[in-house]
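Engineer: Return atomic coordinates for the entry below.
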Amino acid sequence: MNGGNDNRPPRGALAVVAVGLLATLVAAWLSTDEPLGSAAQLEWIAKAPLPESAAAAIPGGGEMRLEEGEIRITEPNVSGYRLYRVSQLVRFEAGSAIGQGRLRCTMDVPDPPRTLVGHTPGSRASYPRSTGEGKELLDQGEVPNTVLLEFNIEGGELASLEFVDVFDVFTTHPGLTVSWDEFREGAQVWQWSLPKGQPQEPLELGFATVWRTTGPASARNSCTVETATGEATVRSAGELVLDRRDQ
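Structural biologist: Take a look at the predicted model:
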């Protein structure tokens, strides 16, 4: 028997520490899109551009358009589902009269019973996320390199998808916030509150969603800016048609 002082912590304290560490790891996993454990790597196997929209004049000066749109798709799983990502940028030219305006962008997909919004652990697979109270869009930082999707593949329930090939950042301008509309089947809606004044440089705002489908990979995007002097709308739509080698 050891007659000296036993400086080891009691077993109960060790159990509390272990539970605390486990809770911390679970919270970290739920709050990130980066794979923290094992997940099947899923590749984009085909892509197609979304057409650039026509420019729309903004009341009071300036113009806007949709640019750099793209659809990317994965191979199917054993149930015949594929994941596809739709992304696009809305661009305001420098000096546009959009100060303290509101921008609303809607992404619609066809045949909602066959096409559903994808999910990351704990949220929709849509970017940018809603900014929290007292937060700005800039606080979301860079677009994640990869995202973790709930998707049955290779005996697992999680798939890791590359995201670094989409736009680099959600914005470079301070003073913007963004929120999501309530869930609606077959659609994702973002609303940005725009900062004061006219942008001294072009203002670009990127948005993207991953969808799960057994049908065609297609989408319609529309963005409307509303200011005290009026509103302007731009639209783009397209579909990724697979050739027989990818089907």
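Engineer: what's the distance between the residue sitting nearest the centre point of the chain and Phe92?
Structural biologist: Geometric centre of the chain, nearest residue: Tyr127, 1.9 Å, by CA atoms, centre = their mean. Between Tyr127 and Phe92 the computed distance is 19 Å (CB to CB, to the nearest Å). (C-beta placed from N, C-alpha, C; glycine too.)
Engineer: one step back: now the nearest residue to the residue nearest to the centre of the chain once chain neighbours are set aside: how far from Gly230?
Structural biologist: Ranked by CB to CB, 6 or more residues apart in numbering and with sequence neighbours excluded, the top spatial neighbour of Tyr127 is Ala208, at 5.0 Å. Distance of Ala208 to Gly230, computed by CB to CB: 28 Å.
Engineer: out of these two, which sits in the busier spot?
Structural biologist: Using other CB atoms under 10 Å as the criterion, Ala208 and Gly230 rank with Ala208 on top: 24 against 13.
Engineer: partner residues bridging that one?
Structural biologist: As for beta bridges, Ala208 partners with Ser87, Tyr127 under DSSP bridges.
Engineer: who touches it in this structure?
Structural biologist: Counting by CB atoms under 8 Å, 6 or more residues apart in numbering, Ala208 touches Arg85, Val86, Ser87, Gln88, Ser126, Tyr127, Val166, Phe167.
Engineer: Now do it, the pLDDT please.
Structural biologist: Here, the pLDDT recorded for Ala208 equals 96.
Engineer: Check Glu34 too.
Structural biologist: Note on Glu34: pLDDT of 46.
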